[in-house]
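Chemist: Here is a sequence together with a model predicted from it:
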Amino acid sequence: SYYQIIKTNSDLLLRLINDILDLSRLEANRVTLTWEECDVVQLCSQVVASVSFSRQSSDNQFLFSTSFETFRMVTDVQRMQQVIINLLSNADKFTKRGKITLDFSVNEEKQMAIFSVTDTGCGIPKEKQEEVFNRFSKLDTFVPGNGLGLYLCRLIVKRLDGEIKIDPEYTDGTRVVVNLPMNE
């Protein structure tokens, strides 16, 4: 059991160091985005499967929902994965025995790709929904984490010329929505 405690704490420390390094590079505008075409449906499927597998101790069900069989889009694949993983991991932390759904859709009129992560967890009070995107913001100090995940997501999404927000209309948990322009 001591081994497991040491491993868990080492993983948390490594994540913190990586988050701080990413944060400093993003804030200093020293991150070079690598734009490439990818199938975002395949990317989302792989990320959900990976997060679901890595969180086998979780009692949550991870789902991916979309009406597309395939959808090609130009983006930075690594940064897109990082955002989705952070959102799914965050949802998992605040959901007990529930569902976490990644959804992908497209707004043709606005030429926007829409990703959302919806959970059936404890939710975020409306007055705190903007605060959670601040650096080192934690609404529950008893939940592991450093309060950088959503802040990093916002920095990355801004670099991708998109927008990230919490859906204030969803009340059965939390829904985080990411809108990204569909680059040609």
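Modeler: Arrived safely.
Chemist: In this structure, which residue is most central in space?
Modeler: Residue closest to the mean C-alpha point of the chain, counted by Cα atoms, centre = their mean, is L87 at 2.2 Å.
Chemist: Can you classify that residue as helix, strand or coil?
Modeler: In three-state terms, and counting by DSSP: H, G, I helix; E, B strand; the rest coil, L87 is helix.
Chemist: Sticking with the spatially closest residue to it that is not a sequence neighbour, tell me its helix or strand.
Modeler: In space, and not counting its chain neighbours, L87 is closest to V117: 4.1 Å by Cβ to Cβ, 6 or more residues apart in numbering. (C-beta placed from N, C-alpha, C; glycine too.) Under the criterion of DSSP states H and E, V117 resides in strand 112-119.
Chemist: what is the rounded mean pLDDT of that strand?
Modeler: Averaging pLDDT along strand 112-119 gives 98.
Chemist: Now do that strand: distance to the chain's middle.
Modeler: From the chain centre to the centre of strand 112-119 is a distance of 10 Å (Cα atoms, centre = their mean, to the nearest Å).
Chemist: What of stretch 76-87?
Modeler: In this view, stretch 76-87 has its centroid 7 Å away from the chain centroid, taken as Cα atoms, centre = their mean.
Chemist: which of the residues in it are buried?
Modeler: 76-77, 79-87 (16 or more other Cβ atoms under 10 Å).
Chemist: In strands, which of those appear?
Modeler: Mapping the buried residues of stretch 76-87 onto strands (DSSP state E) picks out D76.
Chemist: Among the buried residues of stretch 76-87, find me the one that's closest to V51.
Modeler: Using Cβ to Cβ, I85 comes nearest to V51 of those, at 6.1 Å.
Chemist: coming back round to it: quick one: residues contacting the residue nearest to the centre of the chain.
Modeler: 102, 117, 153, 176, 178 (Cβ atoms under 8 Å, 6 or more residues apart in numbering).
Chemist: Between strand 112-119 and the host helix or strand of the fourth one, find me the angle.
Modeler: The reference is to V176. Here V176, judged by DSSP H and E, is contained in strand 174-181. Between the axes of strand 174-181 and strand 112-119, defined by axes from the mean of the first three to the mean of the last three Cα atoms, to 10 degrees, the angle is 170 degrees.
Chemist: Now tell me which helix or strand of the protein has the poorest mean pLDDT.
Modeler: Here the helix or strand of the chain ranked lowest by mean pLDDT, DSSP states H and E is helix 2-27, holding a mean of 79.
Chemist: For it, name the packing helices and strands.
Modeler: helix 149-159 (3 or more Cβ pairs under 8 Å, 6 or more residues apart in numbering; DSSP states H and E).
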